[in-house]
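Colleague: give me coordinates for this.
(chains A, B, C, D, E and F)
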Protein chains: 6
Amino acid sequence: MDNASLEQYHKEREEGNELILKYAGTSMKRLMNLDVMAYKDGALDGKTKELLGLVASTVLRCDDCISYHTVQCHELGVNAEEYEEAMTIAYIVGGSIVVPHLRRAFARWEQLDAAKDA
Amino acid sequence: MDNASLEQYHKEREEGNELILKYAGTSMKRLMNLDVMAYKDGALDGKTKELLGLVASTVLRCDDCISYHTVQCHELGVNAEEYEEAMTIAYIVGGSIVVPHLRRAFARWEQLDAAKDA
Amino acid sequence: MDNASLEQYHKEREEGNELILKYAGTSMKRLMNLDVMAYKDGALDGKTKELLGLVASTVLRCDDCISYHTVQCHELGVNAEEYEEAMTIAYIVGGSIVVPHLRRAFARWEQLDAAKDA
Amino acid sequence: MDNASLEQYHKEREEGNELILKYAGTSMKRLMNLDVMAYKDGALDGKTKELLGLVASTVLRCDDCISYHTVQCHELGVNAEEYEEAMTIAYIVGGSIVVPHLRRAFARWEQLDAAKDA
Amino acid sequence: MDNASLEQYHKEREEGNELILKYAGTSMKRLMNLDVMAYKDGALDGKTKELLGLVASTVLRCDDCISYHTVQCHELGVNAEEYEEAMTIAYIVGGSIVVPHLRRAFARWEQLDAAKDA
Amino acid sequence: MDNASLEQYHKEREEGNELILKYAGTSMKRLMNLDVMAYKDGALDGKTKELLGLVASTVLRCDDCISYHTVQCHELGVNAEEYEEAMTIAYIVGGSIVVPHLRRAFARWEQLDAAKDA
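Modeller: Below is the predicted model of the structure:
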């Protein structure tokens, strides 16, 4: 996993979402919009919400979703300690079956740190 | 779901944990301890961690776990708006399959509010 | 499971949904609406969509959701053979872990037949 | 959970299976048969297979299935230490989300011990 | 995902199934057969059954299974609107965690359309 | 899947675990240790425990975890018939949604046999 793959992740995600929207009817489009809205600042701030999305994605074991929320957390200023503690809760709740996803999640996190320092 | 069932929830949980500990070997006991430790204040505060546990439990659809974290959130000062926003993320990520659990979760929340006002 | 419990199922579902709507913000309300809309006649008719909802609920193992779609299927004229074949697909895909839910699903189906004949 | 509920568990399971067979077509009946056959002595003995079924049921979090395999394990001579070690693996792999099921599983185990001693 | 990968998908699936059959005992072979039989025309037609398999596979989030049922649906004359409506139900029931699978599913659908037009 | 990929599997797993440990706090490190300890000989022998881990990983559908326990089972002397019977239970309990993982699991098994004979 290097910076190239970070770009590739963004490109594939964007292209995939465009493909969904090409086929999507009204309901599917509304679901896509609600998905974006749910993470905006509200009674809980956006950072907390991204951590909630991260942990939900990790216990449900979806690498694409974990990558998305890892990127969002990193952009919103979550630090490495906070990220690790959220992932510890995911590990406690979800069990060792999530460990392969933790490997890839921390690799993504390192990649984001490297991109920021570049 | 009334105040009696809130007491019953606590009683059954406590008795059940004692029963596990009666049989538990070293590894199972350590897991039980780590489970408690994971929600203590750290880089993330306890309140945020309980919200993480709540959302993880909701997308994994475990009523007992949702009840536990609902009680903890309520005690740590999570308000109704924050609770609803966390649950909206659980609903968005986990889909309508979580709705029956939301019904029971908000019933528990009401029960906790009623107990506080009593 | 008798006719009383069929009434109870409807009552609890209705009260639970009212409770959710009491707390729900805009996003949660929209999700509740989209959930209803998704099963309306369209390119696929409502009956087929209810069967899709039934099988999705069965492989995800949610009794409340299975009950809901069983009632809807029964009302829309799904017959016992069609219901059984849909459930066979759920059993094939989801494995024997769904069998306890099949027991309760067919009990619900019998109850609906009995209520119709009454 | 007392001995009455052990009898009730057997009665409900039996009645439920009869209900499934009342509706079942050929494929569903064959699946029911294969489910029984899979746990017979073979290259692996029946006891080991019941432990496999127990752990699979626990990480998938199905109380009815856990009860079934707990009864089978107990009958085939699994002892408390073996049962606990199998459940520790389920807990490690599946995470704390399985704990409420462990509470009920050990209560079932105690019930079986009490019935044997009676 | 291009036509090459559609061929590759078929090749890998076929080789994988042959490998399973090389090791499979009687029970596993019967399960493989029942899996094929469950989707044949019956009280429900094959097209409806493939849609049921598609939605079950999507809420359980298995890309290989989604690809299989997408190919079957396309061959049996499911049109793009029907496919989208079935996937909307999968999205509603299963939540945003299925979105990465929707991206790959619609890419597979486009690929099948392109192969047909070629 | 050839011997190169077996080496690659080990390399990626090792590097991934080192990455987790680089970030891990006390709780996460303890969880990693407990995960290793749970499979040691005890009241149940290590071989039985690896089969339990294999079946748990298969019904939860995690390829990395299946690979890990397949390697462990092979090293501890599980033979092809025993491996197939354990996987049949995973297939029965978990349904056809696990079949794509069975394809990859038996390919890994063949690879391990080939490496041993080399």
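
Colleague: enumerate the residues of chain A near chain F.
Modeller: Counting by C-beta under 8 Å from any C-beta of the partner chain, chain A comes close to chain F at A:61, A:80-81, A:83-85, A:87-88, A:91-92, A:96-97, A:99-100, A:102-104, A:106-107, A:109-110. The way it works is simple: take the backbone N, C-alpha and C, and place the C-beta from them, glycine included.

Colleague: quick check: PyMOL command selecting the buried ones in those.
Modeller: Selection command for PyMOL covering only the buried members of those, criterion 16 or more other C-beta atoms under 10 Å in any protein chain shown:
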select buried, chain A and resi 61+83+84+85+87+88+91+92+96+97+99+100+102+103+104+106+107+109
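
Colleague: out of the residues of chain A next to chain F, who's near chain D?
Modeller: Okay, of these touching chain D (C-beta under 8 Å from any C-beta), that's A:91, A:92, A:96, A:97.

Colleague: can you pull out the low-pLDDT segments for chain A?
Modeller: Along chain A, segments meeting pLDDT under 70 span A:1-4.

Colleague: residue of it with the smallest distance to chain F?
Modeller: Residue nearest to chain F within chain A: residue A:103 (3.0 Å; C-beta to the nearest C-beta).

Colleague: without its sequence neighbours, what residue ends up closest to that residue?
Modeller: Distances taken as C-beta to C-beta, 6 or more residues apart in numbering or on different chains place residue F:16 nearest to residue A:103, at 3.0 Å, with adjacent residues excluded.

Colleague: number of nearby residues for the closest residue to residue A:95 other than its chain neighbours?
Modeller: Excluding its sequence neighbours, the residue lying closest to residue A:95 (C-beta to C-beta, 6+ apart) is residue D:95, at 3.0 Å. Applying other C-beta atoms under 10 Å in any protein chain shown, we find 25 residues neighbouring residue D:95.

Colleague: and for residue A:36?
Modeller: Residues near residue A:36, counting by other C-beta under 10 Å: 10.

Colleague: ramachandran angles for it?
Modeller: In terms of degrees, to the nearest 10, the main-chain angles of residue A:36 are phi -70, psi -50.

Colleague: in what helix or strand does the residue of chain A closest to chain F lie?
Modeller: helix A:99-117 (DSSP states H and E).

Colleague: ok, and what's touching the helix or strand hosting residue A:92?
Modeller: Using DSSP H and E, residue A:92 sits in helix A:80-94. If you take C-beta atoms under 8 Å, 6 or more residues apart in numbering or on different chains as the criterion, helix A:80-94 is touched by A:51, A:54-55, A:58-59, A:61, A:70, A:73, A:78, A:98-99, A:102, A:105-106, A:109, A:113, B:34-35, B:38-39, B:42-44, B:49, B:52-53, B:56-57, B:60, B:65, D:95-97, F:23-25, F:27-28, F:31.

Colleague: from chain A, which residue is nearest to chain D?
Modeller: residue A:95 (3.0 Å).

Colleague: now for the residue nearest the centre of chain A: which residues touch it?
Modeller: When C-alpha atoms, centre = their mean is applied to chain A, the residue found nearest the centroid is residue A:69 (1.8 Å). By C-beta under 8 Å, 6+ apart, the residues touching residue A:69 are A:50, A:51, A:53, A:54, A:57.

Colleague: close enough to count as contact, the fourth one and residue A:62?
Modeller: No. Look at residue A:54 against residue A:62 with C-beta atoms under 8 Å: they stay out of range, at 10.9 Å.

Colleague: who has more neighbours out of these two?
Modeller: More crowded of residue A:54 and residue A:62, by other C-beta under 10 Å: residue A:54, with 26 against 22.

Colleague: could you point out the helix or strand that follows whichever helix or strand the more buried one is part of?
Modeller: In this structure, residue A:54 is located in helix A:46-59 according to DSSP H and E. Scanning forward in sequence from helix A:46-59 by DSSP H and E, the next helix or strand is helix A:63-75.

Colleague: and that following helix, what's buried?
Modeller: Buried-residue list, helix A:63-75, by 16+ other C-beta under 10 Å: A:63, A:64, A:65, A:66, A:67, A:68, A:69, A:70, A:71, A:72, A:73, A:74.

Colleague: could you give the angle of it to helix A:80-94?
Modeller: 150 degrees (axes from the mean of the first three to the mean of the last three C-alpha atoms, to 10 degrees).

Colleague: tell me how many other residues surround residue A:33.
Modeller: 12.

Colleague: and the gap between the residue nearest to residue A:103 and chain C?
Modeller: 29 Å (C-beta to the nearest C-beta, to the nearest Å).

Colleague: now swap in residue A:79 and tell me
Modeller: 28 Å.

Colleague: how many neighbours does that residue have?
Modeller: Residues lying near residue A:79 (other C-beta under 10 Å) number 10.

Colleague: residues contacting the residue of chain A closest to chain F?
Modeller: With C-beta under 8 Å, 6+ apart, residue A:103 has these contacts: F:12, F:13, F:16, F:17, F:19, F:20.

Colleague: hmm, which of those are the buried ones?
Modeller: With neighbours counted by 16+ other C-beta under 10 Å, the contacts of residue A:103 contain buried members at F:12, F:13, F:16, F:19, F:20.

Colleague: close to chain B: what parts of chain A are there?
Modeller: Residues of chain A found near chain B (C-beta under 8 Å from any C-beta) are A:34-35, A:38-39, A:42-44, A:48-49, A:51-53, A:55-57, A:59-60, A:65, A:79, A:81-82, A:84-86, A:88-90, A:92-94.

Colleague: buried members of those into PyMOL, please.
Modeller: Selection of buried members from those for PyMOL, criterion 16+ other C-beta under 10 Å:
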select buried, chain A and resi 34+35+38+39+42+44+48+49+51+52+53+55+56+57+59+60+65+82+84+85+86+88+89+90+92+93+94
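
Colleague: for residue A:108, what are its contacts?
Modeller: Counting by C-beta under 8 Å, 6+ apart, residue A:108 has contacts A:1, A:6, A:66, A:67, A:70, A:71.

Colleague: quick check: the spatially closest residue to the fifth one that is not a sequence neighbour vs chain B, distance?
Modeller: This means residue A:70. Using C-beta to C-beta, 6+ apart and skipping residues adjacent in sequence, the residue nearest residue A:70 is residue A:108, 4.9 Å away. As judged by C-beta to the nearest C-beta, residue A:108 and chain B stand 18 Å apart.

Colleague: return the distance of the nearest residue to residue A:47 once chain neighbours are set aside relative to chain C.
Modeller: Nearest residue to residue A:47, sequence neighbours excluded (C-beta to C-beta, 6+ apart): residue A:76, at 4.4 Å. The spacing between residue A:76 and chain C, counted by C-beta to the nearest C-beta, is 19 Å.

Colleague: so residue A:76 touches residue A:50, yeah?
Modeller: Yes. With contact defined as C-beta under 8 Å, residue A:76 reaches residue A:50; the gap is 5.9 Å.

Colleague: so which of these two has more stuff around it?
Modeller: residue A:50 (23 against 15).

Colleague: how about the contacts made by that one?
Modeller: Per C-beta under 8 Å, 6+ apart, neighbours of residue A:50: A:39, A:69, A:72, A:73, A:76, A:78.
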